[in-house]
Every structure is written in structure tokens, then in C-alpha cells.
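A.B. asks: next come a sequence and a model predicted from it.
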Amino acid sequence: MTQRKLSDQEIQRREALEALRALGIDPYPPERWDVTHHAADIKARYRDEEADRWQTVSLAGRIMGKRLMGKAAFLELQDFSGRIQLYVRRDEVCPGEDKTLYNKVIKKLLDIGDIVGVRGSVFRTKTGEVSVRVQEFKLLAKALRPLPVVKEKDGKRFYDVRDPEFRYRQRYVDLIINPRSRWVFLQRTKLLRTIRDFLNERGYLEVETPILQPVYGGASARPFKTFHNALKMRLFLRIANELYLKRLIVGGFDAVYEFSRDFRNEGMDRFHNPEFTVMELYVAYKDYLWMAELMEEMVERVAVALHGRPTITYGEHTISFARPWKRVTFYGAIKEFTGEDVSGLSEEALRARAKAWGLEVDETMGKGRLLDEIFGEKVEPHLIDPTFVMDYPVELSPLAKRHRDNPALTERFEVICAGKEIINAFSELNDPLDQRRRFEEQMGLRAKGDEEAMVIDEDFLRALEYGMPPTAGVGLGIDRLTMLMTDAHSIQDVILFPHMRPEQGLYTALADHDDEDTEAAGEPPSEG
RNA sequence: GAUCCCGUAGCUCAGCUGGUAGAGCAUUGGACUUUUAAUCCAAGGGCCCUGGGUUCGAGUCCCAGCGGGAUCACCA
């Protein structure tokens, strides 16, 4: 691999590295640096009257700004919690004759982005800024690349990195310089923890199920394929974990859940990443009506945990997750927004209706897909506050139990919020013979050219034949919920490392590997 | 996959109807012991995404490609 051409600033930093070594300073020292305080806590808790209690604090973090003034300097130190100003006086950090540490190391060789440890006392400057007066200063790690320098005044940011490509590819830089980005991912973690706590309080069991699956199922989507060399078999990355969690219900676990990273081989846009996270939960002896109440309670708690109240702002909208949420039925909602009752229409009549509304339809679309299309176009965009859409047609829901009052419907709901689906739940189909018929219908659609129709899973049917208790199941889109909760408008803003095309020239070392792998694996048997 | 927009210094951006590149921050040298978008003086820094084409001459115009964004399609 050819050596990357270094910029002038990178060359200067490498020279600084050598200069430090020449002074006997290890730019990457091995010893630990014990931190006693964090920037934000100091700023929040310091009181002038109690200054004597703040005589020795120890911090570590990254230098984000330098204001040098002869024999004194102000530095901005950023740690995980935030930023604090450091005040360094030459004669305090260098009490003896040797002023090298100040004159050379701090003034010349210290760069923005370097990681340092400091010890000193907290005080307030005459302009009122709580700061740390540094007595001891140690370089903990030298940065060889210059960081984009963002200036800030009165909350306004200058020279901010706007290029989304930069922010997504080099998320580590984004996290350093962009407090909002840090906040989003802290919120995401908090969201996950709130849900996990909520489920654990109820005694539900967190489990792990296969990502590599011989048959993909549990959703309608095209999968990623891969190949296992030792077993010489094709495998799929899961598009859902539903069928495995239900096997566990068969096995006698009453309630299981998993935060499932799922993979779908589809297009990417601001609502879709090829890998995404769904929380799926299955509870035995419950039905979808029970599940609806559980989800209301859970998501309301998430909103309160993240915002202190159930109301959030998303773009133009103010959205309330306060219980109870509005409920509509699938056909009722279509009627509400189009004025027409499509519940009795045949496939041909539906197709004609959809065409008349200007929707794109084709002959491979069965009744289910047609209804889905109509609903997605005519209803979904209008639902802003979280809304339960109840009782989906059976054609759309091959894994859901038929409705107790109407066999053409299923006991299924979705929750739509800000025009997007965030939750999908049903009373799970546990009739093995009906499940087999539904799979067969799906295979029929597949034969007609619907690439996303489900594939029959014989082992799953075998499990159902042993008997599965009546069960309520749900899937919650974690990425989308995070988007709502953080007012993010692209899924890439809530995924730490969103999928991107490879950067040119970055992964050249893998080129050979790919070739070998393809050869060793051979072409996986193609399927129809 | 389609359409539109974008790609210029480490970062944010200018660069007009074509005449071989500018600013601010960052960097380097100098001054400064309470600054905070620090200030003042001076300096360096460019495969203008890549490859073709038109032209005496291309950052600029045309074509193709690569990367990103937005919209659409598929999907959650």
C-alpha cells in the first residue's frame, strides 16, 4: 500500500511527537491517570464560598481550544461530561528554573485534539468562568490528525462540520466535536435501558437467537445471503427473529424478548439502513389487546425517561405519547381518509380502485400488497400522534391469528407515529394447519414474482405442531423510535456507524481476501 | 435502480459570461500573566473528486465514472 500524503499540519504534529520524545516525554505513557472530577460536574457544583473544598481536582480529556498569552494560557478541556476552561500559569506548572514544560510542551508542542491529564484547583475567573488552575500537567496521548475546530459563542456554532459524509464515516470525530451527536447516542442508550428495565421488571427473559439462519422468516423482505464454508451451505442473515422467539414460547418460556439486529437487502434512504434494530417481545397467554396497553405504557415511559414528560417535538409536530393512544381500525382508517369502504372489494376491484387513486400497482401484487399500498399512501402520512391501527386483513398478516369476530381480519395492530410505523403486534397464529396454509399462500405469491413473500419454514411448523400457547407478540423499531425521541430526520443520525459505500482506497487490503473467499466458497447454489 | 443538487486548503465556504486559485478558523514565527469565536504583527499551506473531450487556454463548459445528499421506487 502506498503511503498517504500527509498535510502540513500532520507533518508538524509528527515532528512535535519526535520533539516530545527528545525531551524525554512519552507521548503515549502507559501509566493510569486517576480522574476525580468531570468538567460538567465541577461547573454545576462549584460554589465560591466552598473554594477550599476544591483545592485538588484531577481531570483528563481532550484539548479543544488554546488561548496563549505569554506567561499564562487558557485551554479548553473536554471530557465525556463537557468542557471546562484550564488556566495555566508558567511559574505554577514550572516552579523551578526549568520552564520547558510550559514554554515548549504546552505552548509549542501541545495541539488541539491532544489528550491530557491535569491536577489543580477550581476557581472563578474575573469574567465569572469556573475554571481549573493547573498545577500539574501531563500529556496522555498525542493526536496526529488535526481536528475540525468549531468555534462557539452564545450557543451559536461557527465553522461547524456540516458534511454528512464526514460525520457518518468518521463518527469518532463527529462525537468529539458535535455535542448534539453525543446527546443523540446517549438518548439511544437510555431508550434501550428504559425498555430493558421495563421488561425485566415484569420478569421477561432476554434471549439471543441466530442471526445466521438456514431459512429466513418472520417478515416480508429480501435477505442477505452468505455461505458457510465448512458446512458447504447457504445461510441468510436474519430479516427478523420472530419465528425463533416463538419456538422458545413453544419450549415453555412464558415471555421472551430480544433486541434483534435485523438485515434486509433493500434500498437505503433516510428511514432505512440495511441493518437495523427491532425489539421483539412474545408473551404467552396474552392477546393483542393486552399488548396494546403494554406498549402504550412502555413507550410513554420511554418518552418521560428521555424528556421528563410524555410530549416531544418532532420537526413541525408536537407529539404526545401520553396514554391512551387513539385507536382506529385498518378499514375504518382508509374510509376516514378516502371516504370509501374497501373492505369488501375483490383483488381486481382493489387494483382498479388503487389505480384510480393514482397508485402504482402491478399484476404481481396480491390483495394484501394492494391494501398495504393504499394504506401506506392514503392513511399513514396523516397519523402524527401515536395511533393504533387495529385488525389488519388476513392477506397482509401471514403470522397473525384470525380475528375472533371476523375471519377475514387478523388480531393485529400497528402503531403509526409521525406517519411511520413504529410498532407491529399480533395475537400470534398458533394453529399449525392454518399457519401451513398461510405459508402456502405466501409461496404462491412468491411463484407469481413477489420476491418478498415469505418462505415456508418446516421446522417452525413442526414446533407449532407440538402446541404453542396463545401468545401476544410485538416488534418495536428501535431506530425509528430513537429518531422520534431525538428529533432526528435521518436514520443515519441515530445509528453510530450507518452503512455506506466503501471509501476509495481505504480497504484495499481486503481486495485479495474477497477473491480468495469467493473461490473457496464457490457459488452458493442458486435458488428460485 | 431513476431524477435533481453537491464535491475547491485540516474545517466552513467564495471563485461572475473560460485567462493556471481567495477569505475566516486551524497551522507556523513573533508580542502579551484573567482570556473565552481572545487580540495584534508576519508567514506557509491546493492531484480545484477521478478520467476523457471542446478550446490557444478548463476549478469554471461537455461526457463518463466515483463518493455524498434530497426526492421517487422497494421496504421497516
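C.D. replies: Nice, I can see it.
A.B. asks: got a pLDDT number for A:Leu506?
C.D. replies: Turning to A:Leu506, the model gives it a pLDDT of 65.
A.B. asks: by proximity to RNA strand B, which residue of chain A wins?
C.D. replies: Per CB to the nearest atom of the strand, A:Gly70 is where chain A lies closest to RNA strand B, at 2.2 Å. In this view, the C-beta of every residue, glycine as well, is placed from N, C-alpha and C.
A.B. asks: neighbours of that residue, how many?
C.D. replies: Neighbour count of A:Gly70, defined by other CB atoms under 10 Å: 7.
A.B. asks: over to A:Gln12?
C.D. replies: 15.
A.B. asks: for the strand or helix carrying it, buried residues please.
C.D. replies: In this structure, A:Gln12 is located in helix A:8-22 according to DSSP states H and E. Neighbour counts using 16 or more other CB atoms under 10 Å place A:13, A:16-17, A:20 of helix A:8-22 among the buried residues.
A.B. asks: hmm, who's touching stretch A:282-298?
C.D. replies: For stretch A:282-298, contacts defined as CB atoms under 8 Å, 6 or more residues apart in numbering pick out A:195, A:198-199, A:204, A:245-246, A:248-249, A:253-257, A:323-325, A:327, A:388, A:390, A:411-413, A:415, A:423, A:425-428, A:469-474, A:476.
A.B. asks: please, which helix or strand holds A:Leu86?
C.D. replies: Assigned by DSSP H and E, A:Leu86 falls in strand A:82-89.
A.B. asks: now swap in A:Asp174 and tell me
C.D. replies: Counting by DSSP H and E, A:Asp174 is part of helix A:171-177.
A.B. asks: now do that helix: which elements does it pack against?
C.D. replies: helix A:164-169, helix A:179-201 (3 or more CB pairs under 8 Å, 6 or more residues apart in numbering; DSSP states H and E).
A.B. asks: the same query, at a cut-off of 6 Å, please.
C.D. replies: Counting by 3 or more CB pairs under 6 Å, 6 or more residues apart in numbering; DSSP states H and E, the packing neighbours recorded for helix A:171-177 are helix A:179-201.
A.B. asks: so after the helix it packs on, what's the next helix or strand?
C.D. replies: strand A:205-206.
A.B. asks: what does the stretch 201-350 of chain A put close to RNA strand B?
C.D. replies: A:219-221, A:264, A:266-274, A:276 (CB under 7 Å from any atom of the strand).
A.B. asks: circling back to that earlier point, got a list of contacts for the helix holding A:Gln12?
C.D. replies: A:27, A:109, A:111, A:142, A:144, A:146 (CB atoms under 6 Å, 6 or more residues apart in numbering).
A.B. asks: list only those of those flagged as buried.
C.D. replies: Of these, these count as buried by 16+ other CB under 10 Å: A:27, A:109, A:111, A:142, A:144.
A.B. asks: in this structure the fourth one contacts A:Pro27, no?
C.D. replies: So that's A:Lys142. Yes - under the criterion of CB atoms under 6 Å, A:Lys142 makes contact with A:Pro27 at 3.9 Å.
A.B. asks: can stretch A:138-158 be said to contact RNA strand B?
C.D. replies: Yes - counting by CB under 7 Å from any atom of the strand, RNA strand B has neighbours in stretch A:138-158: A:146, A:148-153, A:158.
A.B. asks: in these, find the pair that's most separated.
C.D. replies: Between any two of the residues of stretch A:138-158 next to RNA strand B, the greatest separation by CB to CB is 21.6 Å, found for A:Pro146 and A:Lys153.
A.B. asks: CA atoms only for stretch A:265-282 - export them in PDB, please.
C.D. replies: The C-alpha atoms that make up stretch A:265-282 are tabulated as PDB, following Å, rounded to 0.1, in the frame of the first residue of the first chain:
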ATOM      1  CA  ASN A 265     -31.300  -6.400   1.400                       C
ATOM      2  CA  GLU A 266     -33.300  -3.400   0.200                       C
ATOM      3  CA  GLY A 267     -32.800   0.200  -0.800                       C
ATOM      4  CA  MET A 268     -31.400   2.700   1.600                       C
ATOM      5  CA  ASP A 269     -32.900   6.100   2.400                       C
ATOM      6  CA  ARG A 270     -33.400   8.300   5.500                       C
ATOM      7  CA  PHE A 271     -35.700   5.700   7.000                       C
ATOM      8  CA  HIS A 272     -33.800   2.500   6.000                       C
ATOM      9  CA  ASN A 273     -30.400   1.100   6.900                       C
ATOM     10  CA  PRO A 274     -29.500  -2.400   5.700                       C
ATOM     11  CA  GLU A 275     -29.000  -3.400   9.300                       C
ATOM     12  CA  PHE A 276     -31.400  -2.100  11.900                       C
ATOM     13  CA  THR A 277     -32.600  -2.900  15.400                       C
ATOM     14  CA  VAL A 278     -36.000  -4.200  16.400                       C
ATOM     15  CA  MET A 279     -37.100  -5.200  19.900                       C
ATOM     16  CA  GLU A 280     -39.300  -8.200  19.600                       C
ATOM     17  CA  LEU A 281     -41.300  -9.500  22.600                       C
ATOM     18  CA  TYR A 282     -43.600 -12.500  23.000                       C
END
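A.B. asks: what is the distance between that stretch and the centre of its chain?
C.D. replies: With CA atoms, centre = their mean, to the nearest Å as the basis, stretch A:265-282 stands 10 Å off its chain's centre.
A.B. asks: which residue ranges form the strands in the stretch 151-300 of chain A?
C.D. replies: A:151-153, A:156-158, A:205-206, A:212-213, A:225-228, A:233-237, A:255-263, A:275-284 (DSSP state E, counting those that start in this stretch).
A.B. asks: possible to save those strands as TSV with mean neighbour count and mean pLDDT?
C.D. replies: Output for those, formatted as TSV (neighbours: other CB atoms under 10 Å; pLDDT from 0 to 100):
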stretch	mean neighbour count	mean pLDDT
strand A:151-153	10	91
strand A:156-158	10	88
strand A:205-206	12	98
strand A:212-213	16	96
strand A:225-228	14	93
strand A:233-237	18	94
strand A:255-263	21	97
strand A:275-284	22	97
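A.B. asks: out of the ones you listed, nearest to A:Phe497?
C.D. replies: strand A:275-284 (9.8 Å).
A.B. asks: ok and that closest one relative to strand A:233-237, angle-wise?
C.D. replies: 90 degrees (axes from the mean of the first three to the mean of the last three CA atoms, to 10 degrees).
A.B. asks: now the angle between strand A:255-263 and strand A:275-284, please.
C.D. replies: 160 degrees.
A.B. asks: pairing partners for strand A:275-284, with directions?
C.D. replies: strand A:255-263 (antiparallel), strand A:471-477 (antiparallel) (DSSP bridges).
A.B. asks: may I see the ones you listed organised as TSV, with distance to A:Glu503 added?
C.D. replies: Shown next, in TSV, are those (distance: least, CB to CB, whole Å):
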stretch	distance to A:Glu503
strand A:255-263	22
strand A:471-477	28
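A.B. asks: nearest to A:Arg501, of these?
C.D. replies: strand A:255-263 (17.0 Å).
A.B. asks: and the angle for that closest one with helix A:179-201?
C.D. replies: With the same axes, to 10 degrees as the basis, strand A:255-263 and helix A:179-201 are set at 150 degrees to each other.
A.B. asks: can you get me a residue count around A:Asn406?
C.D. replies: Residues near A:Asn406, counting by other CB under 10 Å: 12.
A.B. asks: for it, which non-adjacent residue is spatially closest?
C.D. replies: Spatial nearest neighbour of A:Asn406, chain neighbours left out: A:Asp391 (7.6 Å); criterion: CB to CB, 6 or more residues apart in numbering.
A.B. asks: secondary structure class of A:Ser131, three-state.
C.D. replies: What DSSP: H, G, I helix; E, B strand; the rest coil gives for A:Ser131 is strand.
A.B. asks: what bridges to it?
C.D. replies: A:Gln85, A:Phe123.
A.B. asks: just give the number of residues close to it.
C.D. replies: 23.
A.B. asks: can you check what pLDDT the model gives it?
C.D. replies: Value for A:Ser131, per-residue pLDDT: 97.
A.B. asks: before we move on, what about A:Gly96?
C.D. replies: 89.
A.B. asks: please apply the same query to A:Leu77.
C.D. replies: Value for A:Leu77, per-residue pLDDT: 97.
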